[in-house]
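*Asks:* predicted coordinates and the sequence they were generated for:
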Amino acid sequence: MHVIITGGTGLIGRALTQSLLADGHRVTVLSRSPGAVRGLPSGAEVVGWDARTAQGWGHLAAEADAIVNLAGAGIAEGRWTAARKKLILESRVNAGKAVVEAIEGATPRPKVLIQASAVGYYGPHGDEILTEDAAPGSDFLAQVCVAWEASTQAVEALGVRRAVIRTGVVLSMQGGAFPRLVLPFRFFAGGPLGSGRQRFPWIHIDDQVAAIRFLIEHEEASGPFNLAAPNPPTNREFVQQLGKAMGRPALLPVPALALRLLFGEMATVLLDGQRAVPAALERAGFRFTYPEALPALRDILQNGK
């Protein structure tokens with residue numbers, strides 16, 4: 001199988017690349033700086049792209065069985081200035097358009113497109129259980145997710161199956177948000193964020209990769225899928241489990257006001273949670289290796305995943 005991955009140098013892309021290569025598949029990673037790529041497993045092909053068009057790489061779409069579109073500027077890399085918000089949105093929409101352009105021009109076409117999104121699609125919903133049928137929110141992150149998902153919808157009319165992955169917080173020490181959550185606990189200063197009552201949808205990196213591969217390989221799988229463990233705890237419950245896994249207390253809350261002063265509007269990522277459950281994924285037959293937080297946390301921390 002040949003898989004093209006955009007955003008393949010990020011946390012999820014690297015782990016997915018490693019998994020696919022280990023099973024003998026061909027992987028092409030698209031990068032805006034192919035000569036400067038570091039940290040990819042040996043065996044991955046790296047091809048340059050401008051993240052806006054199919055120029056320079058579109059011909060590969062005819063050789064691919066699947067495309068996984070993960071590309072987009074980091075959500076948590078700096079305060080959300082007007083310029084930063086514009087970049088977060090446009091980087092995702094432009095990458096999606098480039099993928100559509102490549103698929104339109106391909107003969108034959110890839111069998112499936114895996115389109116990235118996030119549980120932020122739903123916006124803040126308190127304790128309401130959110131399946132994939134729930135309506136989108138209206139805050140900035142929700143608007144980004146709606147536009148991100150829509151950017152590649154056109155491939156469905158071309159006969160290409162499309163699965164949209166609305167991902168929660170990915171647990172891994174190799175990148176993403178999780179190492180920042182761990183750091184205060186190392187200094188015995190960990191605790192809940194804000195009220196701690198917000199839900200914390202999470203997924204182990206191994207389950208994230210396994211779910212993407214499941215969706216690639218199962219021909220009946222299409223539409224949106226929440227990629228988060230089945231029973232999202234509250235933030236308070238999650239950090240208590242994290243403290244237990246590390247042998248540290250989880251007693252020092254971080255006030256919401258302090259987070260808003262430090263991060264500005266971006267603090268909503270930490271303070272607003274979604275009780276997103278993987279209804280469609282489980283209905284399709286996927287089984288989580290790590291459905292509960294404590295075993296997942298222990299595996300991540302002990303094995304440095």
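*Replies:* Now that the structure is in, tell me what you want to look at.

*Asks:* from here on, contacts and neighbour counts on C-alpha atoms
*Replies:* Noted.

*Asks:* now for the longest helix seen in the chain, which elements pack on it?
*Replies:* For the chain, the helix with the greatest residue count under DSSP state H is helix 82-104. Packing partners of helix 82-104 (3 or more Cα pairs under 8 Å, 6 or more residues apart in numbering; DSSP states H and E): strand 66-69, helix 140-150.

*Asks:* quick one: closest of those to Ala211.
*Replies:* Closest of these to Ala211 is strand 66-69, at 12.4 Å (criterion: Cα to Cα).

*Asks:* residues of the closest one that come out buried?
*Replies:* Residues of strand 66-69 classed as buried by neighbour count (16 or more other Cα atoms under 10 Å): Ala66, Ile67, Val68, Asn69.

*Asks:* tabulate the helices and strands packed on helix 82-104 (CSV), appending mean pLDDT and distance to Leu261.
*Replies:* Listed next are the helices and strands packed on helix 82-104 as CSV, based on pLDDT from 0 to 100; distance: least, Cα to Cα, whole Å:
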stretch, mean pLDDT, distance to Leu261
strand 66-69, 99, 33
helix 140-150, 98, 18
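
*Asks:* ok, which of those comes nearest Gly285?
*Replies:* With Cα to Cα as the criterion, Gly285 lies closest to strand 66-69 of those, at 20.3 Å.

*Asks:* what lines up beside the closest one in the sheet?
*Replies:* If you go by DSSP bridges, strand 66-69 pairs up with strand 2-6 (parallel), strand 112-118 (parallel).

*Asks:* who's the residue nearest the centre of the chain bridged to?
*Replies:* In the chain, the centroid-proximal residue (Cα atoms, centre = their mean) is Thr167; its distance is 4.5 Å. Applying DSSP bridges to Thr167 yields these beta-bridge partners: Ala118, Leu227.

*Asks:* I'd say it and Pro224 touch.
*Replies:* No. Counting by Cα atoms under 8 Å, Thr167 stays clear of Pro224, with 10.4 Å between them.

*Asks:* what about the residue found closest to Glu128 once you drop the neighbours it is linked to in the chain, distance to Ala134?
*Replies:* Spatial nearest neighbour of Glu128, chain neighbours left out: Arg275 (6.2 Å); criterion: Cα to Cα, 6 or more residues apart in numbering. Relative to Ala134, Arg275 is positioned 11 Å away (criterion: Cα to Cα, to the nearest Å).

*Asks:* kindly report the same for Phe178.
*Replies:* 26 Å.

*Asks:* between those two, who's got more neighbours?
*Replies:* Set Phe178 next to Ala134 and count neighbours by other Cα atoms under 10 Å: Phe178 wins out with 15 against 12.

*Asks:* could you tell me what pLDDT the model assigned to the more buried one?
*Replies:* On the pLDDT scale, Phe178 is placed at 90.

*Asks:* which residues sit in contact with it?
*Replies:* Residues near Phe178 by Cα atoms under 8 Å, 6 or more residues apart in numbering: Val169, Val170, Leu171, Ser172.

*Asks:* just to revisit the earlier point, most tightly packed of the helices and strands packed on helix 82-104?
*Replies:* Of all the helices and strands packed on helix 82-104, strand 66-69 carries the top mean neighbour count, a mean of 24, counting by mean count of other Cα atoms under 10 Å.
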